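S.K.: Give me the fold of what follows.
(2 chains)
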Amino acid sequence: MPHRDYRPVLMRVFRSGGLSHHHKAGWLMAGPAVFLVAMFLILPFFMAFGFSLTNQRLFSPKPTQYVGLDNFKRMLGVSYLILEPERDTQTGTILIDEDGAPVYPRLRTYTRNNPDYPHLDRMREWISFDLSEDRRLYLLARDVIFMKAFVITVTFVLVTAPLQAGLALLLALLINQPLRGINVFRTMYFMPVVIAMVVVSMLWRFIYDGQDGLLNSLLGFMSFGLFEPVDWLGNTETALGSIIAMSVWQGVGFHMVIWLAGLQTISPHLYEAAHLEGANRWQTFFYVTWPGLRNTAILVMVIITMQSFRLFPQVAVMTGGGPLDSTQSLVFQMVERGYGKQDIAEGSAISVFLFLFVLLVSLGQRYLVRER
Amino acid sequence: MSRLRLAQLLVRYTLLVWVAIIFVFPIIFMVVSSLKPDLQLLRDTASLRAFLPIGDISLDNYHKAFARVPIALFIGNSVFITATTLVCSLFLCSLAAFSFVFLQWWGRAVILSIILATFIVPFETIAIPLLMIVNELPWIGLEGLTFGWLNSYHVQIVPFLADALTIFLFVQYFRDLPRELVEAARIDGANWFHVYWHVILPLSGPIIATAAILKFLIMYNDQFLWPIMVAQEEQYRPIMVGLMYFFQLNVPWGEIMAYLSIITVPVLAFYLSLQRAFIQSVASTGIKE
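M.R.: Now for the predicted structure:
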C-alpha cells in the first residue's frame, strides 16, 4: 500500500474548526444559553406538536392515547346546510312565526343522530343567513367557538396591521420634519409603548365604560349632550373595534420609530435632486421616500402581523371574549382550554394551528414582497 | 419670515399638538384620576377637568389600595424577577454570543441558526407544554430537593434566561468589533473568559443598554400569561397578575387608577430620563435584518 500524505486533509480539518480549535471553551461558554433555549423553547415547541396528536390532560386517571389528527379535525370541521322553511302540510304555504319570519326546521333534527346526514353529526350553527325568501344557508362547525376565535383573530390582524403600519408611517413623516422641539413630540408619541398592555387595557376599560366612561362623557360634552352614551365594550358591534383602536394607540409609536429609522437611511442628496428637478411633495414621496422604505415596510408588516396574532391581554382584561363571543381570540381560547380546562391536548392543538398559520402568513408576505 | 411660512409653521405645530394630546391625555387622565375621590372623579369626566389635578386632591386612593392588597409585595416580586432575569440573561446571552462569534467549535453555525429560528415561535404557542415541563422539573432550594416548579420565583425566571433576540443583538454587535482585539489578547496569554470579560464587555456598553431596555420591557410589562398559569399563590404574584385579581375585587375606579399609576409612573420616569436610549433600542430591532 503506497504511503499517503495526510497533511492536506489534516490542514483542512484544522482550518474548518476541526481538531485543535476551541471546542471545550466554545461549548463551555455557549453551553448554558444553548441548554436553556433547548429546554425551554425548542423542547416545548416539539412537545406541542406531540400533545396535539393525543388526548393528554394535565391530571388524568386515564392513560394518554395517540389520537392522530382528531383534535384538528374537530377544531376545523365545518360544513353547510341549506334549508327550506316548513310548509303547511295541507295548503303548502310557508309557516310564519309571530314576528313574520318564516319558520325553519330545527337544526338539531339534522345534526343529532340523523342517518341521512352523518357528516353533520354533533355540529352546531356557526353563522346563518337568508339566500332568498325561502332558502336559508347555515354554516355549521364542530367547534363553533374555535372558528369564531379564528375568524376574529384574523379580522383583528387584517384591520390592525395596515391601520397601525399606515398611521405609524404618517407619524414618522410628521416627526421627521426639521422643526424646533420635534424631539419632545417624538417622546410623547412613543410614551404608550412603554406602558404594559395589561395596564393600558385596564385604563381603556374605564375610558370605554358605558356609564362613567371618559369617552362617552367627552363625546357628550363636545356634542352639547346630543351624543347617546355607548357601552363600547358591551356591544357586539363596537367591542372588537374598541379593542383595535386601543391596541393601535398603544403600539403605533413602536412602529413609528422603526419607520423613522428607515426614513433616516435615505440619502439627503436624493431629496436635493428631487427638489432641483422640481418634484412636488407627492412626487418626492412616491419616487424617493417610498422606494427607500421598501425593506422597512417589509419589516414593519412582519412585526405587526406577528404581534397582532398574539391578541390576548386585551381580551383577558377587557372582555373575556364577550359579549356573545364577539372578541374571542385564538390565544385566549388556547389558554381557556389548555390551562382553564386543563385540556393540554386541545390547547396544544390550537398552539400548533396558530404557529403554522403565522408561519404561512409570514412566508406569504415574503413571497408577495420578494425582489422581482 | 414671510407670512405664508409663519402660517405653515402654525399648521404644523397645531397638528403635532393635537396628535400629542391623543397619546398623552389618557395617561394624564390615569394619574390625575388616581388623586381624586370617586364622586369627583366621575363628575369630572364630563369636562376638561378630567385632565386637571384640581378639587379634592389626595393620596387616599393609594392608601386604600395598599391596605386592600399587598401591592408592595407584588412590586417587590416583579422587581426581583425582572432584575434577576435581566442580569443573568445579559450575562449568559452575551457569553454565548461571544463564543458563537469569536471561538471556533464544531456545530456553532448550525446551533446559532437553530436558536435564531426560534424567533418566529410566539411564546404563547409553547406556554402549555412548557407548563407541563416545569410541572415535572426538580429544584434544589432551601427545602432540599423538590419536584415541580409551580408557585416559585424560579419558574418565572429560568425559562426566560436565554432568548433569541438578546443573543441575536449581541452576535450582531460582536461581529462588527475588530477581531484583532481578541487575537492580540490571546497572544498575550489571556484565557477566553478573560478576553470576554476584560476586552469585549468594556466595549459593549451601547448594546448592553439596548438589550437591557428591551429585556426590561418584556419582563416587567409583557409577563402576564405565564405568571397567571404558574404563580397562583399570592406570595409569588407579580404586579400585573396582582392587578387582575385587584380588579376582580370590584374596587372603585380611583383605586384602580392608583394601582395603574404605581405600575406605570416609575417606568415612565425611567423612559423620560433615558428616552433617547429607549427609542434607540426599539429602532435597533428594525435597522438590522
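
S.K.: of all of chain A, which residue lies closest to chain B?
M.R.: A:G26 (3.1 Å; Cβ to the nearest Cβ). From N, CA and C alone the C-beta is placed, and that goes for glycine too.

S.K.: That residue: which element?
M.R.: helix A:23-37 (DSSP states H and E).

S.K.: Show me which parts of that helix are buried, residue by residue.
M.R.: A:23, A:25-30, A:32-34, A:36-37 (16 or more other Cβ atoms under 10 Å in any protein chain shown).

S.K.: now do stretch B:148-157
M.R.: B:149, B:152-153, B:155-157.

S.K.: What is the distance between the longest strand along chain A and the centre of its chain?
M.R.: In chain A, with assignment by DSSP state E, the single longest strand is strand A:124-132. Strand A:124-132 sits 26 Å away from the centroid of its parent chain (Cα atoms, centre = their mean, to the nearest Å).

S.K.: Just the C-alphas of that strand, formatted as PDB.
M.R.: Written as PDB, here are the backbone C-alpha positions of strand A:124-132 (Å, rounded to 0.1, in the frame of the first residue of the first chain):
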ATOM      1  CA  ARG A 124     -73.600  23.400  15.700                       C
ATOM      2  CA  GLU A 125     -74.700  26.600  14.000                       C
ATOM      3  CA  TRP A 126     -71.900  29.000  13.300                       C
ATOM      4  CA  ILE A 127     -73.500  31.600  11.100                       C
ATOM      5  CA  SER A 128     -76.600  31.600   9.100                       C
ATOM      6  CA  PHE A 129     -78.200  34.000   6.600                       C
ATOM      7  CA  ASP A 130     -81.000  34.100   4.000                       C
ATOM      8  CA  LEU A 131     -80.100  33.300   0.400                       C
ATOM      9  CA  SER A 132     -83.600  34.200  -0.700                       C
END
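
S.K.: That strand - which strands sit beside it in the sheet, and in what orientation?
M.R.: Strands that pair with strand A:124-132, judged by DSSP bridges, come out as strand A:135-141 (antiparallel).

S.K.: What average pLDDT does the strand it pairs with get?
M.R.: Confidence over strand A:135-141 (mean pLDDT, whole number) is 86.

S.K.: Nearest to chain A: which residue in chain B?
M.R.: Counting by Cβ to the nearest Cβ, chain B gets nearest to chain A through B:W105 (3.1 Å).

S.K.: tally of neighbours for that residue?
M.R.: The number of residues packed near B:W105 is 20, by other Cβ atoms under 10 Å in any protein chain shown.

S.K.: Now it: phi and psi?
M.R.: The phi/psi pair for B:W105 (degrees, to the nearest 10) reads phi -150, psi 160.

S.K.: Spatially central residue for the chain, please.
M.R.: Looking at chain A here, since you left the chain open. Centroid-nearest residue in chain A: A:F309, 2.0 Å away (criterion: Cα atoms, centre = their mean).

S.K.: I was after chain B.
M.R.: B:L217 (1.7 Å).

S.K.: That residue: what secondary structure?
M.R.: Assigned with DSSP: H, G, I helix; E, B strand; the rest coil, B:L217 falls in the helix class.

S.K.: Return the per-residue confidence for the closest residue to it other than its chain neighbours.
M.R.: Excluding the flanking residues, the one nearest B:L217 by Cβ to Cβ, 6 or more residues apart in numbering or on different chains is A:V194, at 6.6 Å. Listed pLDDT for A:V194 reads 91.

S.K.: Compute the number of surrounding residues for A:V194.
M.R.: With other Cβ under 10 Å as criterion, A:V194 counts 22.

S.K.: Same check on the one 5 residues further on?
M.R.: Residues within reach of A:V199, counting by other Cβ under 10 Å, total 25.

S.K.: And A:I298, by the same measure?
M.R.: 16.

S.K.: show me the contacts for it.
M.R.: A:I298 sits next to A:365-366, A:369 when contact means Cβ atoms under 8 Å, 6 or more residues apart in numbering or on different chains.

S.K.: ok, back up a step: pLDDT value on the residue of chain A closest to chain B, please?
M.R.: For A:G26, pLDDT reads 84.

S.K.: pull the helix or strand with minimum mean pLDDT from chain A.
M.R.: The helix or strand of chain A with the poorest confidence is helix A:7-15; it has a mean of 55 (mean pLDDT, DSSP states H and E).

S.K.: Over to chain B?
M.R.: helix B:275-287 (a mean of 78).

S.K.: Buried residues, that one. List them.
M.R.: B:275, B:278-287.

S.K.: For the residue nearest to B:L217, give me its contacts.
M.R.: So A:V194 contacts B:217, B:221, B:267-268, B:270-271, B:278 (Cβ under 8 Å, 6+ apart).

S.K.: chain center to the least confident helix or strand of chain B: distance?
M.R.: Per Cα atoms, centre = their mean, the centroid offset for helix B:275-287 relative to its chain is 14 Å.

S.K.: May I have that helix as PDB, with CA atoms only?
M.R.: C-alpha atoms of helix B:275-287 as PDB (Å, rounded to 0.1, in the frame of the first residue of the first chain):
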ATOM      1  CA  GLN B 275     -35.800  58.400  26.200                       C
ATOM      2  CA  ARG B 276     -33.000  58.500  23.600                       C
ATOM      3  CA  ALA B 277     -31.700  55.100  24.700                       C
ATOM      4  CA  PHE B 278     -35.300  53.600  24.700                       C
ATOM      5  CA  ILE B 279     -36.100  54.800  21.200                       C
ATOM      6  CA  GLN B 280     -32.700  53.800  20.000                       C
ATOM      7  CA  SER B 281     -33.200  50.200  21.300                       C
ATOM      8  CA  VAL B 282     -36.500  49.900  19.500                       C
ATOM      9  CA  ALA B 283     -35.100  51.300  16.400                       C
ATOM     10  CA  SER B 284     -32.200  48.800  16.600                       C
ATOM     11  CA  THR B 285     -34.500  45.900  16.400                       C
ATOM     12  CA  GLY B 286     -35.500  47.300  13.000                       C
ATOM     13  CA  ILE B 287     -32.400  48.500  11.300                       C
END
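
S.K.: and it, what other elements does it pack with?
M.R.: Helix B:275-287 is packed against helix A:182-190, helix A:239-263, helix A:294-308, helix B:205-216, with contacts defined by 3 or more Cβ pairs under 8 Å, 6 or more residues apart in numbering or on different chains; DSSP states H and E.

S.K.: now do 10 Å
M.R.: Helix B:275-287 is packed against helix A:182-190, helix A:239-263, helix A:294-308, helix B:164-175, helix B:205-216, helix B:253-273, with contacts defined by 3 or more Cβ pairs under 10 Å, 6 or more residues apart in numbering or on different chains; DSSP states H and E.

S.K.: and the direction of the helix or strand containing B:V87 versus that of helix B:164-175, what angle?
M.R.: Here B:V87 is covered by helix B:71-102, with elements defined by DSSP H and E. Helix B:71-102 runs at 40 degrees relative to helix B:164-175, counting by axes from the mean of the first three to the mean of the last three Cα atoms, to 10 degrees.

S.K.: and helix B:71-102 with helix B:253-273, angle?
M.R.: Going by the same axes, to 10 degrees, helix B:71-102 makes 30 degrees with helix B:253-273.

S.K.: is helix B:71-102 up against chain A anywhere?
M.R.: Yes: Helix B:71-102 comes into contact with chain A (Cβ under 10 Å from any Cβ of the partner chain), by way of B:88-89, B:91-100, B:102.

S.K.: Tell me how far that helix lies from the chain's centre.
M.R.: With Cα atoms, centre = their mean, you get 11 Å for helix B:71-102.

S.K.: Low-confidence regions, chain B specifically.
M.R.: In the predicted model, chain B carries pLDDT under 70 at residues B:1, B:286-289.
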